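Q: any chance you can model this:
(one chain, ligands or ions: 2)
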Amino acid sequence: MFKNFKSVDKTAYGRGSFDKLGEILAPHRHEGNKYLIFFVDEYFEGNQAFEARIPMEAGDALEYISVKEEPTTELIDSLRDKYLAEKGMPSGVVGIGGGSVLDVAKAISLMFTNEGSSTLYQGLNLIKKPGLFACGVPTISGTGAEVSMTAVLTGPEKKLGLKCDWTVLDQIVLDPDLIASVPNNQWFYTGMDNYIHCVEAKTGQYKNTFSEAFGDKSLEMCRKVFLELDRKDPLSDEMMMVASYMGGLSLTYSEVGVCHALSYGLSKVLHYHHGIANCIAFNVLKDVYGEYVDEFKFIVNKHNVDIPSNLSANWSDETIDAMVEVAIKLEHMWRHAFGDNWPEVLDRARIKEWYKRM
Ligand code: NAD
Ligand code: ZN
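A: Ligands and ions are numbered 1, 2, ... in the order given. Okay, here's the model as predicted:
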């Protein structure tokens, strides 16, 4: 499969690199009305020591983002409209947070320059113009959103990314100190998102040497983090952060598969967050991902993590059917997992059976 895609322009890595953010942003303050918007995960609101480190200058805006719900098209449209009305066009945006906040920064940078609602642009290469300068600072690792060419949004019709070259962040700052405070369960769910990215990338027809090189190294680091290191070992957060970056690159050269297709159904219909939804789905996919699912279960036990199960007993047929409809539309994932003849091995009944196992 031919691909020719864009990477992040600039990457800063290392403990303490967050304190260089002011210097990094300085050359990007000259466009538009010469102000930056900082979108920050609500978790940090009121943490004065952290807030003092955000390099805001006069005129800049700070917007705390609640990630109880994953980012919606409505949120992006309303934030864009609010800032344009109140302060005019910013010079750029900075996202400080997990995959949700990084996606907010990526999406809104595009929606400042592309007219109308973000619902018009959910899909591949629908965006018409490059966005504003966008910088991402991850505070939790695993989604690969820091390097990916998509900003995933939930809209009234679908959960789908604004996906194109211009979605890729211009700058990222990877500071492992920032992920130390992530609670254990969330650390596991988001870290496992990365593990699953690597497994899915290498178990489908779009895999190639480039993708596997990043994916295998990332898997090796995941195993070290989950199976060998104590979480307090400084190497643990450092490896998790780099593994997420490499897992994201592995995916860019390949594709996600069955687990992500099922997970999108869980998120769209039942509002499960991406990481936990993936874990719920991966847990029942031994027939597809074999020994990787055994390893997943071993890690779950080791870390005493709660993976919700026996959920389907409380799901109506309509709920399951709605999730099946979301999943079956993700043809690129099925094509990757089962080949071009995927409709011959996959039908609604098989997808439904997976949901019933959850
Ligand atoms: P998240 O951003 O949803 O955050 C999860 C939780 O962790 C939140 O409660 C948040 O407040 C908390 N948190 C974040 N940083 C913290 C810190 N340092 N200390 C304590 N708590 C912290 O989590 P996520 O798993 O990183 O992201 C999931 C989102 O990413 C979903 O919206 C999903 O659709 C999206 N996603 C995007 C891509 C992509 O390529 N763009 C890929 C996968 C997932
Ligand atoms: Zn994922």
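
Q: next, count neighbours for residue 149.
A: Residue 149 is flanked by 22 other residues according to other CB atoms under 10 Å. Every C-beta, even on glycine, is put in place using the N, C-alpha and C of the backbone.

Q: ok, now which ones touch residue 163?
A: Shown in contact with residue 163 (CB atoms under 8 Å, 6 or more residues apart in numbering): 123, 124, 125, 149, 150, 151.

Q: these two touch, right, the first one and residue 160?
A: It stands for residue 123. Yes - contact criterion CB atoms under 8 Å: residue 123 and residue 160 qualify, at 6.2 Å.

Q: circling back: which one of the contacts of residue 163 is nearest ligand 1?
A: Ligand 1 has its nearest neighbour among the contacts of residue 163 in residue 150, at 4.8 Å by CB to the nearest ligand atom.

Q: got the contact list for the closest residue to the closest one other than its chain neighbours?
A: Leaving out its chain neighbours, the residue that sits closest to residue 150 by CB to CB, 6 or more residues apart in numbering is residue 161, at 3.3 Å. Residues in contact with residue 161 (CB under 8 Å, 6+ apart) are 122, 150, 151, 152, 153, 167.

Q: so residue 161 bridges to which residues?
A: Per DSSP bridges, the residues bridged to residue 161 are residue 152.

Q: which positions in this protein make contact with ligand 1?
A: Within the chain, the positions adjacent to ligand 1 are 41, 43, 67, 70-71, 97-101, 103, 139-140, 143-145, 148, 150-152, 178-179, 181-182, 186, 190, 193, 273-275 by CB under 6 Å from any ligand atom.

Q: contacts only, for residue 35.
A: With contact set as CB under 8 Å, 6+ apart, residue 35 has these partners: 29, 59, 60, 61, 87, 90, 91.

Q: kindly provide the distance from it to ligand 1.
A: Distance of residue 35 to ligand 1, given as CB to the nearest ligand atom, to the nearest Å: 25 Å.

Q: kindly report the same for residue 250.
A: Separation of residue 250 from ligand 1 (CB to the nearest ligand atom): 12 Å.

Q: tell me the contacts of whichever residue of the stretch 251-358 of the chain sits closest to ligand 1?
A: With CB to the nearest ligand atom, the shortest gap between the stretch 251-358 of the chain and ligand 1 falls at residue 274, namely 3.6 Å. Neighbour list for residue 274: 70, 99, 143, 152, 193, 263, 267 [criterion: CB under 8 Å, 6+ apart].

Q: can you do 6 Å?
A: Contacts for residue 274 were tallied using CB atoms under 6 Å, 6 or more residues apart in numbering; there are none.

Q: buried subset of the contacts of residue 35?
A: Buried members of the contacts of residue 35, scored by 16 or more other CB atoms under 10 Å, are 29, 60, 61, 90, 91.

Q: farthest pair in the residues you listed?
A: Of all pairs drawn from the buried ones among the contacts of residue 35, the widest gap by CB to CB lies between 29 and 61 and measures 12.9 Å.

Q: of the contacts of residue 163, buried ones?
A: Among these, those buried by neighbour count (16+ other CB under 10 Å) are 149, 150, 151.

Q: closest to residue 350 among the residues you listed?
A: The closest of the buried ones among the contacts of residue 163 to residue 350 turns out to be residue 150 (CB to CB; 26.5 Å).

Q: just read off the phi/psi values of that closest one.
A: When read as degrees, to the nearest 10, the backbone of residue 150 gives phi -140, psi 150.

Q: same deal with residue 72?
A: Dihedral pair for residue 72: phi -110, psi 160, per degrees, to the nearest 10.

Q: what sits against the residue lying farthest from the centre of the chain?
A: What lies farthest from the middle of the chain is residue 58; by CA atoms, centre = their mean that is 31.2 Å. Not one residue lies near residue 58 by CB under 6 Å, 6+ apart.

Q: all the helices of the stretch 251-358 of the chain, residue numbers only.
A: 258-270, 274-282, 286-303, 317-328, 331-338, 342-345, 348-357 (DSSP state H, counting those that start in this stretch).
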